[in-house]
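*Asks:* Quick one, structure for this:
(4 chains)
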There are 4 protein chains.
Amino acid sequence: MIPRYTRPEMAAIWSDANKYRIWYLIEAHATEKLAELGVVPASAAEAVWKAKDSEFSVARIDEIEAEVKHDVIAFLTHLAEFIGPDSRFVHQGLTSSDVLDTCLAVQLRDSADLLLAGLDRVLAALKTRAEEHKYTVCIGRSHGIHAEPTTMGLKFARFYAEFARNRERLVRAREEIATCAISGAVGTFANIDPRVEAHVAEQMGLSVEPVSTQVIPRDRHANYFAVLGLIASAIENLAIEVRHLQRSEVREAQEYFSKGQKGSSAMPHKRNPILTENLTGQARLVRSAVTPAMENVALWHERDISHSSVERGIGPDANVHLDFALHRTAGMIEKLIVHADRCRENLEAYGGIHNSQRILLALTQAGASREDSYRLVQRNGMKTWDEGGKLVDHLKADDEVTTLLSTEQIDACFDEAYHLKHVDTIFARVFAN
Amino acid sequence: MIPRYTRPEMAAIWSDANKYRIWYLIEAHATEKLAELGVVPASAAEAVWKAKDSEFSVARIDEIEAEVKHDVIAFLTHLAEFIGPDSRFVHQGLTSSDVLDTCLAVQLRDSADLLLAGLDRVLAALKTRAEEHKYTVCIGRSHGIHAEPTTMGLKFARFYAEFARNRERLVRAREEIATCAISGAVGTFANIDPRVEAHVAEQMGLSVEPVSTQVIPRDRHANYFAVLGLIASAIENLAIEVRHLQRSEVREAQEYFSKGQKGSSAMPHKRNPILTENLTGQARLVRSAVTPAMENVALWHERDISHSSVERGIGPDANVHLDFALHRTAGMIEKLIVHADRCRENLEAYGGIHNSQRILLALTQAGASREDSYRLVQRNGMKTWDEGGKLVDHLKADDEVTTLLSTEQIDACFDEAYHLKHVDTIFARVFAN
Amino acid sequence: MIPRYTRPEMAAIWSDANKYRIWYLIEAHATEKLAELGVVPASAAEAVWKAKDSEFSVARIDEIEAEVKHDVIAFLTHLAEFIGPDSRFVHQGLTSSDVLDTCLAVQLRDSADLLLAGLDRVLAALKTRAEEHKYTVCIGRSHGIHAEPTTMGLKFARFYAEFARNRERLVRAREEIATCAISGAVGTFANIDPRVEAHVAEQMGLSVEPVSTQVIPRDRHANYFAVLGLIASAIENLAIEVRHLQRSEVREAQEYFSKGQKGSSAMPHKRNPILTENLTGQARLVRSAVTPAMENVALWHERDISHSSVERGIGPDANVHLDFALHRTAGMIEKLIVHADRCRENLEAYGGIHNSQRILLALTQAGASREDSYRLVQRNGMKTWDEGGKLVDHLKADDEVTTLLSTEQIDACFDEAYHLKHVDTIFARVFAN
Amino acid sequence: MIPRYTRPEMAAIWSDANKYRIWYLIEAHATEKLAELGVVPASAAEAVWKAKDSEFSVARIDEIEAEVKHDVIAFLTHLAEFIGPDSRFVHQGLTSSDVLDTCLAVQLRDSADLLLAGLDRVLAALKTRAEEHKYTVCIGRSHGIHAEPTTMGLKFARFYAEFARNRERLVRAREEIATCAISGAVGTFANIDPRVEAHVAEQMGLSVEPVSTQVIPRDRHANYFAVLGLIASAIENLAIEVRHLQRSEVREAQEYFSKGQKGSSAMPHKRNPILTENLTGQARLVRSAVTPAMENVALWHERDISHSSVERGIGPDANVHLDFALHRTAGMIEKLIVHADRCRENLEAYGGIHNSQRILLALTQAGASREDSYRLVQRNGMKTWDEGGKLVDHLKADDEVTTLLSTEQIDACFDEAYHLKHVDTIFARVFAN
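*Replies:* Numbers count the residues shown, from 1 in each chain, chains lettered A, B, ... in the order given. This is a model prediction of the structure:
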């Protein structure tokens, strides 16, 4: 966790205090069910629940762990300091991983909920800006080269569609990760009744893991982090677009620049796209969790603990950074300054050559072969590119063209509405739901 | 594509011949709809369809491409050689990527179908072996160390559950990748009616891409390859298990070794787990497609073509290798030799210390504190480990234990059925559907 | 290997024919030494060398391998078809990996040599273009925003420096990978005299692997592929720069566009940076070999064969693609069109605000506080940015500025030579050797 | 940084306090040289150096940064609070990145020094244990299957050799990363004399960056993190070996288990290889820094700041975790318990079939064809494997064998010294220096 890229809500999920709180709840619910099943005395369950509002001491647990070198035993020893002799019934039949893995499931599920909220904010911002700029015409570019007109609204709309797909993926990954395993040392329920697992699962809002082996299978986690990698890539995609639009030569959009903010110590005039550059880097960071999460899948036999140190890193880090990045993305989009006038200037900078495809079709329909049409358009397009002037005028001055198309037909090829006639169709598809 | 790791069915999907066949179908369906809409003459559609059974020449297309340096133009030029003058109406209003990206969607969807068949074969094999060895008792291991008994059937069952989850993920990824885009140079449908896209989509068995920008958004592809990475990791997981079981010291399972096969040029007695070692490596290869696929998401503006060379590599390679790996996995499982007798030997090798957790509970329930119980079990467990003998006997010789537990109570702790009583529950969960 | 990204020189190194040729040489040199040591009869060495000019049949070896399922045995069986009964002395005391791993070392070393030649071509091209454009002034950009002037020559120079560093890294990686192991089943030389290894190493131009364990340790290979990943990243770095320079709004450079070449089927005027976009993707492909190569390091005990399938993929693929990419890079640089006039236009597009840092210093030196200087420059810089005009004029019209600086002093801040005075220093550093 | 995997020495390098201390030194040395060159008054240098022993307040800098949103300006503002009006001469002609990137170079170089110390501790431990167990015979394994005898000392020796290679790589990466850039906004030295850079470089123990562009080129950093990835992979390699040796069925080695330590809450007898499992995971974590570091190489034009957020993560994290992992590795090796008796038991467990290669040679030398020898050895080897007994006895009972080899010749094939005769040679190679 890098403090400057950490929101307190997400940090809280990954705090030691929260972790111990979840451990406590798992142990308490388990003891409750064990008492109901007659495995432990009813007094044990009561005793455990009495500690419900206790403040567990992270420092004290650390102290015990330093001695026993086992985190769950350290916690249980500390818990016993609150509960007294009944503590011996707590954790009965459970193995440490029952607690650790179920806790991790809760933390990842709760992280997913925060990320979904972040995604919703991004989606809302993109939708608002898409509608606002539905008909803000700008040049579309392929290969960084002017192609045909599009609109700023369509740009926002396509990012919306991508984030919406990622939202669905995260909803499913959240569901997949939210499982509970209380199945004992190798997952056979030898020393614990499966009804304990069912009870804890229900109380913690999880589903039951169908087959565990001391640990919850790590493909669930790998899938979760892969989805985080996809969301990070979507952020990168959007960030790259904004960085391009803000280039000195393009200037079609600009990150909001607050009054007191200093862009550069050396060049005070500069308004740099630092939010989106920062997001580009954060995307790389989040994505770097995907491979180790997949490497974690192949544990030895019923489990080894190699996944644990990986998850101590990527668990909080990937969630915290993505959470921050989503809110930074949303804020950036919400305040993004769009220069419609500059969009217009760029669109018209190259004499209308972006209409060449349309001329090509008009020539073909007027009877020219595809090859001839191509040659005529290429000739006049390159003339416009190299010598300047407007394509429409070059075409009108080209005898080979004018024998095929009338002046009116040529002019008709430069009507902007032609490019915008299906914007509505696309918006309807994207924002249907 | 590495020939030895390539099945002809998957290679066929990624052959040039198949690619051109798909291009042809896209162009033909598009021309058909354009004719219906009156954009091109009806004769054009008829002319195109006449080439339906023509054999396109990959060599001829290569020859043309060498000159024009553009693959789709090369193909269209070759197509014109079959169709004649009407060819000028083909591809009207389309851009190359409309054809390329829709074709890639078809190839990935068809690859997914083959992979699903491979997964089904793996699942069937795992289920058969799980049922066969439902009660083949063996020692469960955590950290590579003997823990408590489990069964070979449970091992197969957990891999079944993981592959079943991956199957669901692939079904969704297949659905996500199967989209059609015929939307023109920047996705605005300026020169092409959206009804053409709808028609081609329907005919090719795809859904319509809601918003494209010359290209289909690459998060769909990244998601697809991420799922391939997860399946590869599942194969690695299973392969590692078999490799462990086949170790000289363990020998609980063994890959089938055909009569003529030579294990090693130097050590003829060796029966090496080469299939699963090979699968471990193939898993790494397939997984290596995930990161470049995610790096492909952030294209510049409406598109750049950097994704293309990546996909020329990972498109066929990851699908071909995973397809091969799934069938190798299935065949390996189908024929895997399980040594039940050796499972029993290993289980009993350490004097029954795998029952220590159960003794711990018995002691606690007999009134000992958790700490005392732990100390007593640890003492006798370590004695068994260090000095040999049976734990049950050491316990009976420990006065501190026998004041708490009777001989009968101690013996009861060593009943194997205790560990197997919930195997049925787990099988019911895993094989429910 | 993707045919279109494959140069025949590199493909030859990775061909089956070349592999068997290398195997033959290793076996022949080993037999020669074994004969000299009296382990096998002298006639055996003679017999083996007689096959020196034989054409081994890849098809025949494949046929045998299909039966015996072991590639080295298949090769030896085929070799015996040439040598006759003396063949039983060939491979004596060797294990398959002695041959396989030493062969791979030869292939990687030879690949490195080709890559070094590719790097040299890139370096030569960069140096030529750097000198040509040493003083072609253009705007330097940070964050995509105009900063201060630099030169096109400096751009080429910095890529030169990066490629030169990578060249050194590859020279070292080549040296590290070029080792020979003929040490037997677990590397103890139990059945083979170390002098055989020394002889084969010398004859094949390799050094001796100090300690092997049937296999050559895979950190050498991982290091090699990591260096390939660094070179790929350098190519991406250069490709991204060219793609930016070729954008419609920038147009400071342009990939060479041959007469017959068609840029786009739909927009004939377009000259797209397709070489550099393609290189961007190839960089991702090459880089994807790094992680699996590192995952290959941790083999089980004295060896497992999981690395093999990985290397069958990344061995040829990463070398072939990088080799192709280096030559594509070199050709692209050699022919790159630099638009010096357009560099000038862009430089002057924003009223000279790129000199603001210099004004800041002048104001400070004239006695203003850092904060005041900053405020004055920022005020006039933003005015130029927002309202147009020239910064020099805005400054002269700002009373607070003119009380500190004279007209001459202001003018002096806009002298271009100021920015170029150390170009020579930098060139001397970069091209020293 | 995960607290439990953090050593204070490495954490100190990456602390804010240390960062500001380095910034201060860079600024002070730069001002000193600027004064000497007459660019700023001599009093300025004196004033800056007076702050040498001042305690900068991280909290105060954070407070200022929250307002100005620029870390270097915040630091300079705080520095001014110590220096007074002369502060306006500090940072003159420098750009923020001059300070930031040179500081990062210092931190990475100092990290490399700590890592080298860690490597030296690992190397010393490996060498000690190698010599101690030079002739502790154990079975060597390929594919997890018994092969031929080797020694525990050779195992330690090969890890020594791998770590020694990595040490050399890190020495070079350290040298490569230790460069200083004080070259201004786009690296042209427009506003700063190159002699300032040379002076700061010398004072900070760095070399001069030949060509920078506001930033130090990121291939240096990518190379550094790639080497960290290689070291991590070496740790994984060693960790996997120990985990295998500690398996219940193998038990040839065991991590030291302190008296108070609890292995498992549920199974008190267990002595789990948790250090090496933990190291396996840490290796994955460290290695995950390699790809983002390579993605950082391709910055836009003269720089973008996307690398920065990545480095805020991987800079401290990869160094801190690897530093911890190296010391954990060293401690683990230093205390590793080697069970020589158990090595012997495993070696002899399979009736001496590990000598089959030797029999094969003996048979061939006695005149049998390679194929016949192979068949004879395979027949008796498989008999030993399947039915038990000793290979030596099976051979003596095989008429086809005894017609070729005498009893004495067969016995000679089972002499252990045969396998150990070159251990000395290998040790001499590995520990030569």
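*Asks:* got the residues of the stretch 1-150 of chain A near chain D?
*Replies:* A:2, A:4-5, A:67-70, A:72-73, A:76, A:91, A:94-96 (C-beta under 8 Å from any C-beta of the partner chain). From N, CA and C alone the C-beta is placed, and that goes for glycine too.
*Asks:* let's see 10 Å
*Replies:* Applying C-beta under 10 Å from any C-beta of the partner chain, one finds that the stretch 1-150 of chain A approaches chain D through A:1-5, A:16, A:62, A:65, A:67-74, A:76, A:91, A:93-99.
*Asks:* tell me the helices in the stretch 1-150 of chain A, going along the chain?
*Replies:* Ranges of helices in the stretch 1-150 of chain A, per DSSP state H, counting those that start in this stretch, are A:8-13, A:16-36, A:42-50, A:58-68, A:71-83, A:96-132.
*Asks:* what helices or strands is the fifth one leaning on?
*Replies:* Spelled out, it's helix A:71-83. helix A:16-36, helix A:42-50, helix A:58-68, helix A:96-132, helix B:370-387 (3 or more C-beta pairs under 10 Å, 6 or more residues apart in numbering or on different chains; DSSP states H and E).
*Asks:* Please repeat the previous calculation with a cut-off of 7 Å.
*Replies:* Counting contacts by 3 or more C-beta pairs under 7 Å, 6 or more residues apart in numbering or on different chains; DSSP states H and E, helix A:71-83 is packed against helix A:16-36, helix A:58-68, helix A:96-132.
*Asks:* Counting by contacts, list what the longest one packs against.
*Replies:* So that's helix A:96-132. Secondary elements touching helix A:96-132 (3+ C-beta pairs under 7 Å, 6+ apart): helix A:8-13, helix A:16-36, helix A:71-83, helix A:152-177, strand A:179-180, helix A:194-204, helix A:306-335.
*Asks:* TSV for these, including mean neighbour count?
*Replies:* Formatted as TSV, the helices and strands packed on helix A:96-132 follow (neighbours: other C-beta atoms under 10 Å in any protein chain shown):
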stretch	mean neighbour count
helix A:8-13	16
helix A:16-36	21
helix A:71-83	21
helix A:152-177	22
strand A:179-180	25
helix A:194-204	19
helix A:306-335	23
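*Asks:* now those as JSON lines including distance to A:Gly118 and mean pLDDT?
*Replies:* Putting the helices and strands packed on helix A:96-132 into JSON lines (distance: least, C-beta to C-beta, whole Å; pLDDT from 0 to 100) gives the following:
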{"stretch": "helix A:8-13", "distance to A:Gly118": "9", "mean pLDDT": "98"}
{"stretch": "helix A:16-36", "distance to A:Gly118": "19", "mean pLDDT": "97"}
{"stretch": "helix A:71-83", "distance to A:Gly118": "30", "mean pLDDT": "93"}
{"stretch": "helix A:152-177", "distance to A:Gly118": "10", "mean pLDDT": "98"}
{"stretch": "strand A:179-180", "distance to A:Gly118": "23", "mean pLDDT": "98"}
{"stretch": "helix A:194-204", "distance to A:Gly118": "23", "mean pLDDT": "98"}
{"stretch": "helix A:306-335", "distance to A:Gly118": "3", "mean pLDDT": "98"}
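*Asks:* For those, please prepare TSV with the additional fields distance to C:Leu230.
*Replies:* Formatted as TSV, the helices and strands packed on helix A:96-132 follow (distance: least, C-beta to C-beta, whole Å):
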stretch	distance to C:Leu230
helix A:8-13	34
helix A:16-36	39
helix A:71-83	40
helix A:152-177	31
strand A:179-180	41
helix A:194-204	47
helix A:306-335	24
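*Asks:* and A:Ala130, what is it in contact with?
*Replies:* Residues near A:Ala130 by C-beta atoms under 7 Å, 6 or more residues apart in numbering or on different chains: A:Gly153, A:Phe156, A:Ala157, A:Tyr160.
*Asks:* how about 6 Å then?
*Replies:* A:Ala130 makes contact with A:Gly153, A:Phe156, A:Ala157 under the criterion C-beta atoms under 6 Å, 6 or more residues apart in numbering or on different chains.
*Asks:* hmm, stretch A:201-211 in reach of chain B?
*Replies:* Yes. Stretch A:201-211 lies within reach of chain B by C-beta under 6 Å from any C-beta of the partner chain, at A:Pro210, A:Val211.
*Asks:* CA atoms only: put that stretch into PDB for me.
*Replies:* Extracted as PDB, the C-alpha positions of stretch A:201-211 are listed here (Å, rounded to 0.1, in the frame of the first residue of the first chain):
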ATOM      1  CA  ALA A 201     -21.200 -19.300   5.400                       C
ATOM      2  CA  GLU A 202     -24.700 -18.100   5.800                       C
ATOM      3  CA  GLN A 203     -23.900 -15.800   8.700                       C
ATOM      4  CA  MET A 204     -20.900 -14.300   6.800                       C
ATOM      5  CA  GLY A 205     -22.900 -13.900   3.600                       C
ATOM      6  CA  LEU A 206     -20.800 -16.500   1.700                       C
ATOM      7  CA  SER A 207     -21.600 -19.600  -0.200                       C
ATOM      8  CA  VAL A 208     -20.100 -23.000   0.800                       C
ATOM      9  CA  GLU A 209     -17.000 -24.200  -1.000                       C
ATOM     10  CA  PRO A 210     -18.000 -27.500  -2.600                       C
ATOM     11  CA  VAL A 211     -14.600 -29.100  -2.100                       C
END
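*Asks:* Okay, A:Leu25 and A:Lys19: tell me how far apart.
*Replies:* Using C-beta to C-beta, to the nearest Å, A:Leu25 is found at 11 Å from A:Lys19.
*Asks:* Chain neighbours aside, what residue packs nearest to the residue nearest the centre of chain A?
*Replies:* Central residue of chain A (C-alpha atoms, centre = their mean): A:Ile231, 2.7 Å from the mean position. Using C-beta to C-beta, 6 or more residues apart in numbering or on different chains and skipping the chain neighbours, the partner closest in space to A:Ile231 is A:Asn166 (4.8 Å).
*Asks:* Might you report the residue contacts of A:Ser142?
*Replies:* For A:Ser142, counting by C-beta under 6 Å, 6+ apart, the contacting residues are B:Gln214, B:Glu302, B:Arg303.
*Asks:* Kindly apply the preceding question to A:Arg121 instead.
*Replies:* A:Ala330.
*Asks:* Quick check: A:Ser306 vs D:Gly118, distance?
*Replies:* 20 Å.
*Asks:* How about A:Asn296?
*Replies:* For A:Asn296 relative to D:Gly118 (C-beta to C-beta), the value is 25 Å.
*Asks:* same thing with A:Asp411?
*Replies:* From A:Asp411 to D:Gly118 the distance is 75 Å (C-beta to C-beta).
*Asks:* ok, now A:Tyr135?
*Replies:* As judged by C-beta to C-beta, A:Tyr135 and D:Gly118 stand 62 Å apart.
*Asks:* ok, those two, which is more surrounded?
*Replies:* D:Gly118 (24 against 13; other C-beta atoms under 10 Å in any protein chain shown).
*Asks:* which residue packs closest to the more buried one, ignoring adjacent ones?
*Replies:* Closest to D:Gly118 by C-beta to C-beta, 6+ apart is D:Leu326, at 3.2 Å.
*Asks:* State the distance from the residue nearest to A:Ile231 to chain D.
*Replies:* Between A:Asn166 and chain D the computed distance is 20 Å (C-beta to the nearest C-beta, to the nearest Å).
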